[in-house]
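Peer 1: generate coordinates for the sequence data below:
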Amino acid sequence: MIAISNLSKSYKTASGVFKALNKLNLTIEKGDIYGIIGFSGAGKSTLVRCMNRLEEPDEGTVAIGDTVITELEGKRLREARQKIGMIFQQFNLLDGKTVFQNVAFPLKVAGRDKAFIRTRVTEVLEMVQLSDKAESYPSQLSGGQKQRVGIARALVNEPDVLLCDEATSALDPQTTYSILELLQSINEQLGLTVVLITHELEVLQHICNNVAVIEGGEIVETGTVDQFFLNPQSDTARRFVNIVERYRQKRQLAVEGVGAGI
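Peer 2: Model prediction:
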C-alpha cells in the first residue's frame with residue numbers, strides 16, 4: 001500500500017512562492033492500477049516526483065509498504081528507490097547506448113554482476129516484446145518501442161511500484177493502446193502497483209480501477225473510475241467529463257453530417 005500524508009511542496013518563482021502540493025493525502029492499495037488526473041499545473045508531476053524523492057517535499061510523509069520513503073537518506077534511500085520503477089513521458093533513454101545497455105544501466109549502477117545483468121535484461125526485453133531490438137539504438141526505434149524500453153528499464157530491478165508520469169502523452173492513439181495493454185499485462189503477471197499520472201481520460205477508461213482528481217495541489221475527489229464518469233463530485237471531475245461529452249457530441253454530429261452527404 002502507498003500512503004501519502006499531508007504532503008506539501010512549494011517553489012520560489014519570480015512572482016513569489018508557488019505551492020504545488022498543499023497538505024495532500026492519498027492512499028493506494030497494493031496491486032491496484034490507480035490513475036491520478038488533473039489539468040496542467042494541478043500538481044500531478046510534482047506529486048509523482050515526490051513519491052520517489054526526485055523532488056524533496058517540504059513536509060509530510062510518503063510510505064510504500066512498511067518503508068517511509070521520506071525518512072530515508074543515503075544508501076537506504078537509493079536501495080528503496082530500486083523498488084520504485086519510473087516511466088517518463090519523453091522516454092529519457094541514453095542515445096549512445098543500445099536497448100540492452102539502456103535497460104541494463106540500473107543494474108550496473110546497483111553493482112550487479114554481468115551474468116545476472118544478461119539474464120535479467122533478456123527476461124524483461126522478452127516481457128516487453130523487444131528481444132529482437134536488444135542491439136538497436138534509440139534513434140532506430142519508434143515512439144512506442146522507445147517507451148517499451150523505458151518500461152523494461154523501470155522493471156529491471158523488480159520494483160514493487162511502477163510510477164508512470166504522462167507515459168503515453170507523446171504517443172499516437174494506437175500506440176497508446178498497446179502500451180496500456182502492456183502495463184495491464186505486467187500488473188497482472190507481477191502483481192505490482194501501477195500509478196498513472198495523466199490528463200487523458202482514455203487512459204483512465206482503459207486501464208485504471210480507481211482514480212484521484214488533483215486540483216491546486218490537493219486531492220479533491222477519489223473513487224472508482226466508474227464513479228468518476230457516472231457521478232463526478234468535484235468541479236474538476238465534472239469539467240473533464242463535460243469535455244468528453246462535448247467531444248462525443250461533435251463527433252456524432254460530424255458522422256451524421258457525412259451520412260447525410262453534407
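Peer 1: quick one, helices of this protein?
Peer 2: Under the criterion DSSP state H, helices of the chain are mapped to 44-51, 74-81, 99-109, 114-127, 143-155, 173-190, 201-207, 225-230, 235-259.
Peer 1: got the angle for the fourth one vs helix 143-155?
Peer 2: Angle of helix 114-127 versus helix 143-155, following axes from the mean of the first three to the mean of the last three C-alpha atoms, to 10 degrees, is 140 degrees.
Peer 1: quick check: angle from helix 114-127 to helix 99-109?
Peer 2: Here helix 114-127 runs at 130 degrees with respect to helix 99-109, directions being taken by the same axes, to 10 degrees.
Peer 1: just the buried positions in helix 114-127, please.
Peer 2: Neighbour counts over helix 114-127 (16 or more other C-beta atoms under 10 Å) mark 117, 120-121, 124-125, 127 as buried. In this view, the C-beta of every residue, glycine as well, is placed from N, C-alpha and C.
Peer 1: ok, back up a step: dump the helices of the chain to JSON lines, plus mean pLDDT and distance to residue 60.
Peer 2: Shown next, in JSON lines, are the helices of the chain (pLDDT from 0 to 100; distance: least, C-beta to C-beta, whole Å):
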{"stretch": "helix 44-51", "mean pLDDT": "93", "distance to residue 60": "8"}
{"stretch": "helix 74-81", "mean pLDDT": "91", "distance to residue 60": "16"}
{"stretch": "helix 99-109", "mean pLDDT": "95", "distance to residue 60": "27"}
{"stretch": "helix 114-127", "mean pLDDT": "96", "distance to residue 60": "33"}
{"stretch": "helix 143-155", "mean pLDDT": "94", "distance to residue 60": "25"}
{"stretch": "helix 173-190", "mean pLDDT": "92", "distance to residue 60": "27"}
{"stretch": "helix 201-207", "mean pLDDT": "89", "distance to residue 60": "25"}
{"stretch": "helix 225-230", "mean pLDDT": "92", "distance to residue 60": "25"}
{"stretch": "helix 235-259", "mean pLDDT": "71", "distance to residue 60": "21"}
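Peer 1: among those, which comes closest to residue 4?
Peer 2: Nearest to residue 4 among the helices of the chain is helix 44-51 (7.3 Å), distances taken as C-beta to C-beta.
Peer 1: contacts made by the closest one with the rest, please.
Peer 2: Residues from elsewhere that reach helix 44-51 (C-beta atoms under 8 Å, 6 or more residues apart in numbering): 2, 4, 7, 9, 20-21, 24, 36-38, 55-57, 62, 64, 69, 84, 86, 163, 165-166, 195, 197-199, 214, 217.
Peer 1: that older thread, quick one: closest of the helices of the chain to residue 134.
Peer 2: Taking these one by one with C-beta to C-beta, helix 99-109 is closest: 4.3 Å.
Peer 1: check which residues of that closest one are buried.
Peer 2: Buried residues in helix 99-109 (16+ other C-beta under 10 Å): 99-107.
Peer 1: separation between residue 58 and residue 71?
Peer 2: Relative to residue 71, residue 58 is positioned 15 Å away (C-beta to C-beta, to the nearest Å).
Peer 1: what do you get for residue 54?
Peer 2: 17 Å.
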